[in-house]
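Novice: coords please:
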Amino acid sequence: MKRIAVIGGGASGLCAAIEACRESQKLKFPVSVTVFERNARVGKKLLLTGNGRCNLTNTSLDAGCYNTPRAVNVIRSLRGEDTRAFFEGLGIPTVADACGRVYPHSMQASCVVNALRGEAERLGAGLRTDHKVDRLTRTGSHFLLDGTEMFDCAVVACGGCAYPLTGSDGDGIRILESLGIPCVPPIPSLTGLKVPDRDFKSLKGIRAKAEVCAFVDGKRVAVEHGEVQFTEYGVSGIAVMQLSRPIARALNGGGGHRAEVVLDLAPDMEAEQLTGFLRAVCRRHRDMLTAELLAGIVPRQLGFYLLKRCGIPIGENTCGNIPQDKIAQISAQIKALRLPISAVRGFDQAQVTAGGADLRAFDERLMARRVPGLFACGEVLDVDGMCGGYNLEWAFSSGRRCGKSAVDFLAEERE
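Specialist: Coordinates of the predicted model:
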């Protein structure tokens, strides 16, 4: 009997095991599938996704959702049973919100983990927990795990570097590099941005709608719209995290690059309109405290911060005392709050890894072009997507693709 080793019992690894077992039964080609998981239980990282609700996928999938457009080809190759149908087949009905984010009906990530584990076991896959694979070597046409066990195919599915406490610490990338697979240096992505401003601590907990533009060396590289969360270290929120990849690549790649984000905190108002509004308020309400000037435009504490940046005292100062040029300056701060970025938050806080094994080193089956029988899926590959279920979609789809491909590869060899 041919043997397949799946290294990693997360979202992609469990899907690889399930699909391998299904393909084995479909072809009536007996295959032994073993999943090696370093943690005491499979699916540990999956339990944390979507704030514990598990954002499985998104109803809108296109090449622009991923840093590597080719990733969508892998996803579409499984359209006979897409991700929603796959989970419904496991007894998990799904629901989509207004933004297209798809969740299990129960809104519980635990049901997804239980369903994947249960299906893998039902189909006969072996799950070896508390078993960390340190070394994978090529021996003839076989693969040797840690110098002890021989397999005919190996599927590397042990994740990237994000959330290392769950076991994703870059081991999979190192294993693939040891087999000659070119890899892109991993960096944190979908993470918060650090702002070197001591006054930012006063903004902790504030949320505001904004247009967010990312700049590297003065050149705009990305723009997003949505909610910004102000924290003691800087800024976060989906709109900010979507921009973190190019900023992380610039700051972590050496070369002394500069990065900043610019927030338009009143994207629905033109600058002239906003300036005129503020001037009218100051004329009509000369005795109103400056502390109240921006209360109807931005959250109160954020308004204090903007006024301070313009050198306008709050205290007992009134709007009638604000010089006309200062009003234009306040408007400019609201429309273009420029925040230098000193760093991105690390892998401990990042939702996903950018970088990993170069997808170009793998064919459409996700088999290494130069190492027959070696497959890789999920976050260990240099594929990362936007917030909203795209990264889990990649994990599930690429895992399923690998599992099917590994069995097909072995069956073709027999012929």
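Novice: contact partners for residue 6?
Specialist: Taking CB atoms under 8 Å, 6 or more residues apart in numbering, we find residue 6 in contact with 13, 16, 17, 20, 33, 34, 35, 36, 125, 155, 157, 403. Where you see a C-beta, it was placed from the backbone N, CA and C, and this is true even at glycine.
Novice: contacting residues for the second one?
Specialist: Read that as residue 16. With the criterion set at CB under 8 Å, 6+ apart, residue 16 makes contact with 6, 155, 157, 375, 377, 399, 400, 402, 403, 406.
Novice: excluding its backbone neighbours, what's nearest the fifth one?
Specialist: What it means is residue 377. residue 398 (3.9 Å; CB to CB, 6 or more residues apart in numbering).
Novice: name the helix or strand for the one you found, please.
Specialist: For residue 398, the element it lies in under DSSP states H and E is helix 390-414.
Novice: cool, residue 9 as well?
Specialist: Per DSSP H and E, there is no helix or strand for residue 9.
Novice: so what's the most centrally placed residue in the chain bridging to?
Specialist: Closest to where the C-alpha atoms of the chain average out (CA atoms, centre = their mean) is residue 352, at 3.8 Å. Residues in a beta bridge with residue 352, per DSSP bridges, are residue 189.
Novice: tell me where the model's unsure across the stretch 51-200 of the chain.
Specialist: The stretch 51-200 of the chain contains residues with pLDDT under 70 at 79-80.
Novice: all helices of it, in order?
Specialist: With DSSP state H, counting those that start in this stretch, the ranges of helices along the stretch 51-200 of the chain come out as 71-76, 83-89, 109-122, 171-178.
Novice: mind checking these for the one nearest to residue 212?
Specialist: Residue 212 lies closest, by CB to CB, to one member of the helices of the stretch 51-200 of the chain: helix 71-76, at 24.5 Å.
Novice: packing partners for the host helix or strand of residue 208?
Specialist: Assessed by DSSP H and E, residue 208 sits inside strand 207-216. Counting contacts by 3 or more CB pairs under 8 Å, 6 or more residues apart in numbering; DSSP states H and E, strand 207-216 packs against strand 219-230, helix 238-241, helix 244-252, strand 259-264.
Novice: highest average neighbour count across these?
Specialist: Using mean count of other CB atoms under 10 Å, the stretch among the helices and strands packed on strand 207-216 with the largest mean neighbour count is helix 238-241, at a mean of 24.
Novice: and that helix, what does it pack onto?
Specialist: Applying 3+ CB pairs under 8 Å, 6+ apart, we find helix 238-241 packed against strand 207-216, strand 219-230.
Novice: residue 310: neighbour count?
Specialist: Residues within reach of residue 310, counting by other CB atoms under 10 Å, total 16.
Novice: repeat for residue 114
Specialist: Residue 114 sits with 15 neighbouring residues when counted by other CB under 10 Å.
Novice: that one and residue 43: what is the separation?
Specialist: 8 Å (CB to CB, to the nearest Å).
Novice: again with residue 247
Specialist: 31 Å.
Novice: show me where the stretch 1-150 of the chain has strands.
Specialist: Assigned by DSSP state E, counting those that start in this stretch, the stretch 1-150 of the chain shows strands spanning 2-7, 31-36, 57-58, 94-96, 101-104, 126-128, 136-139, 142-145, 149-151.
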